[in-house]
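no sequence on this one, just coordinates:
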């Protein structure tokens, strides 16, 4: 496995990987929210991820998207951005995904470490990431904890209008 920058030929494979990686999470969200609220809030999640990836891999984010490659194929990625902070720029891992067939093999940790190194090289003094507190996000929380991140629990509320 090695980390590299994104190239446009990766796009469809990364969309497919993202859908497979996040489908269990989306099903967990559906279970928690119920069908109607889920449909209104996350009902187009597959297309939403496609659109998100298009933005994250666009020219304005050049160098802020790492791809993990194994056997010539993408098997995961990490996208990051920066924000101003009181002590200097802060880096945020905005999206992290690993192919379900490759999970729990250290790829997530390698991507987290790679993104943190890229943020450090860009002058960031702090790195942060958000993930879910539900069972489906257990592996993500473990990967961030193993990467040296300190959790700060939050709660996200939704309701129908």
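Yep, it's here. Computed from a prediction, not measured in an experiment: that's the story for all the values here.

Give the full set of residues in contact with the closest residue to residue 155 other than its chain neighbours.
Leaving aside its sequence neighbours, residue 155 sits nearest to residue 133 (Cβ to Cβ, 6 or more residues apart in numbering; 7.7 Å). (Glycine included, C-beta is placed from N, CA and C.) Contact analysis of residue 133 by Cβ atoms under 8 Å, 6 or more residues apart in numbering lists 141, 153, 155.

I figured residue 30 was touching residue 40, is that so?
No. Residue 30 lies out of contact with residue 40 (Cβ atoms under 8 Å); the separation is 11.7 Å.

So between those two, which is more surrounded?
residue 30 (17 against 12; other Cβ atoms under 10 Å).

Assign the more buried one to helix, strand or coil.
helix (DSSP: H, G, I helix; E, B strand; the rest coil).

Near the closest residue to it other than its chain neighbours, how many other residues are there?
Excluding the flanking residues, the one nearest residue 30 by Cβ to Cβ, 6+ apart is residue 38, at 4.3 Å. Look at residue 38: counted by other Cβ under 10 Å, it has 18 neighbours.

Residue 41 contacts residue 158, doesn't it?
Yes. The pair residue 41 and residue 158 passes the contact test of Cβ under 8 Å, sitting 5.8 Å apart.

what sits in contact with each of these two?
Contacts common to residue 41 and residue 158, judged by Cβ under 8 Å, 6+ apart, are residue 33.
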